[in-house]
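Chemist: below are the sequence and a predicted model; questions follow.
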Amino acid sequence: MAVAKQRLGTAKFLAESNNKSVYHDAINLAVFAAECALKAVILIQTADQETREDIEQTYFRGDQGHDLEDLRALLAKGVTLGEADNKLVVTHPVPTSAVKDEIAILADWHYQSRYQALRKSQNDARRHVRTAELVMRWSEERLHGHVS
């Protein structure tokens, strides 16, 4: 979660600046913070180190590893690892309806957008930061055992 918090802090700073050229970066960092937070929930609630490594290799690589909707779906259905009869299922808490909506807002920003020179408004940046803050709060509650 330390990386997620750091990225979100930087995103907030950039979103509040008066420099139009950094709003795109604020959005990238806000979405990345939410991605890190969701991954932390998945990994920390997976007790076995070997299983965590398998999850990282299986689910956190490539396009799906950066897709917030895929990560949300993974939280909703749990993780299945292994082959045939040797499957290991790791279940995770399902995000509440409100957080599902927030994740959907952030998921509209595809991770490949970070490679494009897009101009975004300060309002866009602020909205993404606020949304990432909600996802972060939800994730921290799960990590600290204060599930509501």
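Modeler: Cool, the structure landed.
Chemist: CA only for contacts and neighbour counts going forward, please
Modeler: Fine.
Chemist: list the contacts for the residue nearest the centre of the chain?
Modeler: Most central in the chain under Cα atoms, centre = their mean is Glu35, positioned 1.9 Å from the mean C-alpha point. By Cα atoms under 8 Å, 6 or more residues apart in numbering, Glu35 lies in contact with Ala4, His66, Asp67, Leu68, Leu71.
Chemist: quick one: it from Glu56, how far?
Modeler: Look at Glu35 and Glu56: by Cα to Cα, to the nearest Å, they are 13 Å apart.
Chemist: just Ala26 next, same as before
Modeler: Applying Cα to Cα, the value for Ala26 to Glu56 is 26 Å.
Chemist: who has more neighbours, these two?
Modeler: Neighbour totals were compared for Ala26 and Glu56, and Ala26 leads with 29 against 15 (other Cα atoms under 10 Å).
Chemist: pLDDT averaged over the helix or strand where the more buried one lies - what is it?
Modeler: Assigned by DSSP states H and E, Ala26 belongs to helix 23-44. What helix 23-44 shows for mean pLDDT is 89.
Chemist: can you give me the buried ones in that helix?
Modeler: Within helix 23-44, the residues scored as buried using 16 or more other Cα atoms under 10 Å are 23-43.
Chemist: tell me where the model's unsure across this structure.
Modeler: 47, 77-98, 109-118, 145-148 (pLDDT under 70).
Chemist: could you pull out the helices for it?
Modeler: Taking DSSP state H as the criterion, the chain carries its helices at 2-15, 23-44, 49-59, 68-77, 97-107, 122-143.
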